[in-house]
Structures are given as structure tokens and as C-alpha cells.
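Engineer: Have a look at this prediction, sequence included:
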Amino acid sequence: MSKRSNSIKTVISAASVAAAIAASALTATAPANALTADRPLTDIRIATHFDLSAGQMPENIALLPDGTADVTFAASRQVAQISPRGTTRILATLPAPADGGVNTPVLGFPLATGIVHTSDGTVYVLYATGTADLTGLWRLRPGQAPRRIAALPAGGLPNGLALDGRSGRFYVTDSVLGTVWTVPVTGGTPTAWSTAPELASTGFLGANGVKAHGGALWVTNLDRGTLLRIPIRAGNRAGAPQVKASGLVGIDDFAFVDRGDSGDVLAALNGPNTVVRIRPDGTSTTVLDATDGLQNPTSVALRGKDVYVLSAAYTTATDPNLLRARLGGHR
């Protein structure tokens, strides 16, 4: 067996162990208020299967206008592009840390996490390695090698990435330090935007998914099972977090169904292996589960009525994939 194969197997093993620790703290069932008979998604299908043996555990997704999806593969440290027909093309592999990433907080392996694709074709990716020389926000321009444009604390775990187009600033959730960082789109020194207690973990991972929406930053907390709304005040100040939904332990990334500030949300629940629709009143309905092909879903994205869900198979260790569906039953 090649050294690369051994390395990938070690990484997958580390990921599975870490995720299993998290899963032991999660309920394996849907939320108590889930109405499983309500199925607003149609044309549900697995569009792409990924290679688990190569570390292709998809963590986050950014959609392009034509339906192409840019994704991060956590364990292989890669950025990939999935065509509308389901073909996978590797765009870049981030450099491996000298120590192999064994000091990456909580997980013990280096991983690519949040991703944003801007209209000029530039891709921005978060990378956590446990080392000061690599952890941070990276930029990938067409035809160029990846370049780190903002260093983040080696003792943290940068996870979710959102771009506020109005201010031209990125927001980064740190799942270990319980912090939301902000960084200019051009890069530079990050600023701690919020360290509110609601962002902290309870032992594994705290602040996770993030979206800038309706004049606020929306953040999930995996350990606490909450969806938070943090107002963006004048001068880019953080307001007090408001809990918009709770009881969603294992919540990862999410997407808004509607443009309005109080619109519905589709959210991935990693441990319970479900995707739920969260209403403005905080109640939730299960819309996808393991019977649809979910394998530890990590992120959700929408393009019009098209729904994309990534599954990393962290604990199922069977079939990391990209699921596609239609919202509202309209073709």
C-alpha cells in the first residue's frame, strides 16, 4: 500500500473517531416537533458519489449561476468543482502542515472547511491545521496557486465562511474559540467581531455554519443545537445574539429558502442524519433523512428551486455524496 493510501486511511480514521465522539452526544432521531409527513422536496436523487478512500468528505458548498458547485473536501485538503452533470474536478490541494496536522484542535487532522465563490471567479477557503503558518483564509484565483490572505489562530478551528456583499467583509466562525472573526475581502488581520457566550461549544464544536442575511449574521451552534441571529449594527458592530431556533443538536450549515429576513431555513443536522426546514417561529420539519441517501449531511445550498445537500459520511463511513432535489415540487 502506498504512503498516500496509508495517509488517507489515517485521516479518515481520525475524522471518524472525532465525529463519533460528537455523535455520542447527539440524538439520533429527528427533533421532537418534526412533521415527517410534510415533504416539500421532490425529485430527490443522489447526483454525485465521492471517493471516501481518497478523503473526499465534502464539508461546504458554494453554487455558481450555472448550477456548478464548488466544494471543500475536508480530509483531502482539497477544493473541487462539481459540474451540473456530476463530474468532479479538483481545483487545488492546500499544502500539508509539517506535523501532518496532528495538533489541529479537537479533530487532530488538517481540514478544508468553509468556501465562498465570488463573481470574478475567485474562490475563498478556510483551512484549519493547528499550525500558525497555514491556518486561516485562503484565496484561489483561476490559474494561480492557493495563497493565504489572512492568518487565524492556530489554536482555533475556522469553520464557516460568509461574505457580506454590502460591506465587502468576510465573517468566519471559529468552532473551538467560540468566536466570529471578520476579515476584509482583500485579506489582512482578522478582528474578533463577536465572542458572545452563545457561540461557545459545550465540549466539541460550537459556532459552525454562517450566513449574512437581511442585515444580520446568522450562525449555528452544533453543540447547543441553536440557530442564532446576530444583528450587524452601524460601524460593523455585533448586536446581541437572538436564538431563533433550538433543539437542533448537531446542526451544521444551512441555507435560506426565502429572501426575506424572516424566511424559512433548510439546515443540515449532521449526527441525526437529517435535513430540516426551520420556520420563522422556530419550529422544524424533517424534509430529508437517511432513506433519501443522507450520510452525515454537512451543508445545504439553494439556486432558485434547486436544492443541493452535501454528505460527508464522517460516521457512516459509506457513501459521501451530493444530493439534489427540487423545492416546492416545481420543475
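Structural biologist: Looks like it came in fine. Residues are numbered from 1 along each chain as shown.

Engineer: Buried ones in stretch 137-148, by neighbour count?
Structural biologist: Counting neighbours by 16 or more other CB atoms under 10 Å, one finds that the buried residues in stretch 137-148 are 137, 138, 139, 140, 146, 148. The way it works is simple: take the backbone N, C-alpha and C, and place the C-beta from them, glycine included.

Engineer: same deal with stretch 153-173?
Structural biologist: By neighbour count with 16+ other CB under 10 Å, stretch 153-173 contains the buried residues 153-154, 156-164, 169-173.

Engineer: Just flag the most distant two among those.
Structural biologist: Between any two of the buried residues of stretch 153-173, the greatest separation by CB to CB is 25.8 Å, found for 154 and 164.

Engineer: Tell me how many other residues crowd residue 296.
Structural biologist: 27 (other CB atoms under 10 Å).

Engineer: In contact with it, which residues?
Structural biologist: Counting by CB atoms under 8 Å, 6 or more residues apart in numbering, residue 296 touches 19, 270, 271, 273, 311, 312, 313, 314, 315, 316.

Engineer: Using TSV, lay out these together with secondary structure.
Structural biologist: Conversion of those to TSV gives the following (DSSP: H, G, I helix; E, B strand; the rest coil):
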residue	secondary structure
19	helix
270	coil
271	coil
273	coil
311	strand
312	coil
313	coil
314	coil
315	coil
316	coil
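
Engineer: Nearest to residue 66 among those residues?
Structural biologist: Lowest distance from residue 66 to the contacts of residue 296 (CB to CB) belongs to residue 311, with 22.8 Å.

Engineer: Test of understanding: give the bridge partners of residue 128.
Structural biologist: Per DSSP bridges, the residues bridged to residue 128 are residue 111.

Engineer: Test my guess that it contacts residue 113.
Structural biologist: Yes. The criterion here is CB atoms under 8 Å, and residue 128 meets it with residue 113 at 6.3 Å.

Engineer: Now do the shared contacts for those two.
Structural biologist: Applying CB under 8 Å, 6+ apart, one finds that residue 128 and residue 113 are jointly contacted by 157, 158, 159.

Engineer: between the residues you listed, which is closest to residue 57?
Structural biologist: Distance to residue 57, by CB to CB, is smallest for residue 159 among the shared contacts of residue 128 and residue 113, at 14.2 Å.

Engineer: separation between the closest one and residue 132?
Structural biologist: As defined by CB to CB, to the nearest Å, residue 159 lies at a distance of 18 Å from residue 132.

Engineer: cool, and residue 107?
Structural biologist: In this structure, residue 107 and residue 132 are 17 Å apart, going by CB to CB.

Engineer: Which one's more surrounded, the two?
Structural biologist: Shown here are residue 107 and residue 132; by other CB under 10 Å, residue 107 has more neighbours (26 against 13).

Engineer: Would you confirm that the more buried one contacts residue 157?
Structural biologist: Yes. The pair residue 107 / residue 157 is scored as a contact, 7.3 Å apart, by CB under 8 Å.

Engineer: all helices in this protein, in order from the N-terminus.
Structural biologist: Using DSSP state H, the helices found in the chain span residues 3-24.

Engineer: how far away is residue 100 from residue 129?
Structural biologist: Per CB to CB, residue 100 is found 9 Å from residue 129.

Engineer: more crowded one of the two?
Structural biologist: More crowded of residue 100 and residue 129, by other CB under 10 Å: residue 129, with 28 against 17.

Engineer: My understanding was that the more buried one contacts residue 102; is that so?
Structural biologist: No. Between residue 129 and residue 102 there is no contact under CB under 8 Å: 9.8 Å.

Engineer: pLDDT below threshold where in the stretch 1-150 of the chain?
Structural biologist: Along the stretch 1-150 of the chain, the parts satisfying pLDDT under 70 run over 1-39.

Engineer: Just the shared contacts of residue 128 and residue 113: which are in strands?
Structural biologist: The members of the shared contacts of residue 128 and residue 113 that map onto strands under DSSP state E are 158, 159.

Engineer: Looking at the shared contacts of residue 128 and residue 113, spot the one nearest residue 73.
Structural biologist: Nearest to residue 73 among the shared contacts of residue 128 and residue 113 is residue 159, at 15.0 Å by CB to CB.

Engineer: can you pull the contacts of the nearest residue to the closest one once chain neighbours are set aside?
Structural biologist: Using CB to CB, 6 or more residues apart in numbering and skipping the chain neighbours, the partner closest in space to residue 159 is residue 175 (4.5 Å). Applying CB under 8 Å, 6+ apart to residue 175 gives the contacts 106, 156, 157, 159, 201, 205, 206, 207, 208, 222.

Engineer: Export these to JSON lines and append columns for distance to residue 58.
Structural biologist: Output for those, formatted as JSON lines (distance: CB to CB, whole Å):
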{"residue": "106", "distance to residue 58": "19"}
{"residue": "156", "distance to residue 58": "22"}
{"residue": "157", "distance to residue 58": "18"}
{"residue": "159", "distance to residue 58": "14"}
{"residue": "201", "distance to residue 58": "23"}
{"residue": "205", "distance to residue 58": "17"}
{"residue": "206", "distance to residue 58": "22"}
{"residue": "207", "distance to residue 58": "20"}
{"residue": "208", "distance to residue 58": "15"}
{"residue": "222", "distance to residue 58": "17"}
